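In: Based on what follows, work out the 3D shape:
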Amino acid sequence: MKGNTWLVGWLVVTVLLLGGAGFFLAKGYGTYSEEFSGWDNLSSKISRLEKEVPYPSEENEESLTQLVEAYDADVTALYESLDRYQKPLNEQISDSDFTTQILANKVTEFRKAAQEGGMTIKNEDQFYLGMAAYQSTFPRPQIVPILNYQLEATDHLLRLMVESGVDQLGFVNREELPGENSEVEGAEAGVVAGKVVQKYPISVRFTAGHGAFQEFVNRMANDKEYFFILRLLRVENSSPNGPDLGSDEGQSGPQFRDAAGNPPPDDLYGEIQSTTADFSEMVIAFREKGYEMQSADARIIFGQEKVDVFAVVDLVRFLPPAEVEVGGAGAQGKGGKGRR
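Out: The predicted structure follows:
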């Protein structure tokens with residue numbers, strides 16, 4: 001009996017030992033499998049990387065060089081196609097010549113051209129092509145080439161107005177050029193650093209008929225000497241309420257004339273309109289008074305008003321790509337002096 005009890009105890013201890021050993025064996029095998037799988041994946045990556053070329057080969061370098069050269073050629077071709085339509089800078093002008101000769105002569109010549117073209121200039125005694133600051137002072141020498149470019153473009157733009165039939169020029173203003181009155185670090189004066197496209201805004205206000213206004217916009221958009229971009233436009237009609245219906249030009253109904261071509265008096269026109277029931281009766285009533293109905297053109301009623309226009313026009317210059325530093329940190333060399 002005592003021997004059986006010892007045997008049972010020994011069996012229980014053996015079972016517990018075997019169970020514990022199995023548990024730790026299973027746990028250890030799972031960890032081993034995970035580590036082995038990770039190492040196997042890592043080993044595969046290492047083998048694959050060892051078979052690849054970790055640095056640019058001669059073939060890759062040659063291919064990259066060809067792509068860069070093709071890109072440079074495309075950029076140069078694009079610039080040359082644009083540069084044909086923009087004038088080169090005149091870098092030989094001195095600051096004194098600009099003020100005493102070039103600017104003064106431009107103002108005098110434009111005033112004469114405006115008078116001959118029938119365009120009046122509001123406050124003409126104060127008109128100086130947007131450069132009144134240089135009536136008696138000299139600009140900084142570094143800014144003169146681009147300032148002269150802006151002057152010629154402004155004169156050209158205003159002459160397009162004259163040629164289009166604009167009635168009156170209210171004013172013309174321009175934004176100050178970069179570095180015009182202060183030093184500019186990292187770039188030439190007159191140039192926004194790191195930009196191929198340079199914009200010089202010009203603000204104008206003028207009064208014109210519809211046809212002249214449309215003609216001016218079309219001429220500006222299709223100009224071959226300068227790149228003008230109409231950035232902002234505000235148009236106000238001088239007669240927002242339409243023509244006066246009491247006048248002959250403002251009659252919204254049919255027009256009537258006597259044998260001599262004279263319209264009926266306003267009181268007669270109003271009387272007949274108020275006493276006739278329909279259109280046919282009105283025609284008969286006018287005929288009895290000696291007035292025949294005339295064929296009317298809508299242009300007699302509409303489109304005769306003047307428009308007051310405020311516009312901001314960007315004068316655009318394209319710099320040669322080689323003169324603009326990659327990354328926009330500043331211009332290289334003669335960053336503000338484009339060449340033809």
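In: Which strands or helices does the strand or helix carrying S81 pack on?
Out: Using DSSP states H and E, the secondary-structure element containing S81 is helix 58-83. The contact analysis (3 or more C-beta pairs under 8 Å, 6 or more residues apart in numbering; DSSP states H and E) places helix 58-83 against strand 306-318. C-beta: built from backbone N, CA, C; applies to glycine.
In: Give me the buried positions along the strand it packs on.
Out: Of all the residues in strand 306-318, those buried under the rule 16 or more other C-beta atoms under 10 Å are 306-309, 311-318.
In: One more: stretch 205-223?
Out: Neighbour-count burial for stretch 205-223 [16+ other C-beta under 10 Å]: 205-209, 212-213, 215-217, 219-220.
In: Could I get the pLDDT score of the closest residue to E91 other than its chain neighbours?
Out: Computed as C-beta to C-beta, 6 or more residues apart in numbering, the closest residue to E91 that is not its neighbour in sequence is P145, at 4.9 Å. Predicted confidence (pLDDT) for P145: 93.
In: go on, V184?
Out: On the pLDDT scale, V184 is placed at 62.
In: Please apply the same query to Q294.
Out: Model confidence at Q294, expressed as pLDDT, equals 71.
In: Compute the number of surrounding residues for it.
Out: 13 (other C-beta atoms under 10 Å).
In: If it is in a bridge, with which residues?
Out: On DSSP bridges, the residues paired with Q294 through beta bridges are Q255.
In: how far away is it from F279?
Out: Distance from Q294 to F279, counting by C-beta to C-beta, to the nearest Å: 15 Å.
In: rewinding a little: looking at the buried residues of strand 306-318, which is nearest L157?
Out: Relative to L157, the closest of the buried residues of strand 306-318 is V313; by C-beta to C-beta it sits at 6.5 Å.
In: Quick check: the gap between the closest one and S238.
Out: Look at V313 and S238: by C-beta to C-beta, they are 22 Å apart.
In: burial count for the nearest residue to P321 once chain neighbours are set aside?
Out: Nearest residue to P321 in three dimensions, chain neighbours excluded: V75, at 5.1 Å (C-beta to C-beta, 6+ apart). With neighbours defined by other C-beta under 10 Å, the count for V75 comes to 14.
In: List the buried residues in stretch 167-179.
Out: Residues of stretch 167-179 classed as buried: 167-169, 172, 174-175, 177-179 (neighbour count, 16+ other C-beta under 10 Å).
In: er, stretch 39-51 actually
Out: Buried residues in stretch 39-51, defined by neighbour count with 16+ other C-beta under 10 Å: none.
In: Which parts of the stretch 1-150 of the chain are strands?
Out: With DSSP state E, counting those that start in this stretch as the criterion, the stretch 1-150 of the chain has strands at 120-121.
In: which regions of it sit below the pLDDT cut-off?
Out: Regions of the stretch 1-150 of the chain meeting the criterion pLDDT under 70 cover residues 1-30, 32, 36, 49-57.
In: and the chain, what are its domains?
Out: Described in terms of automatic domain parsing, the domain architecture of the chain consists of the residue ranges 1-51, 81-241+305-323, 255-301.
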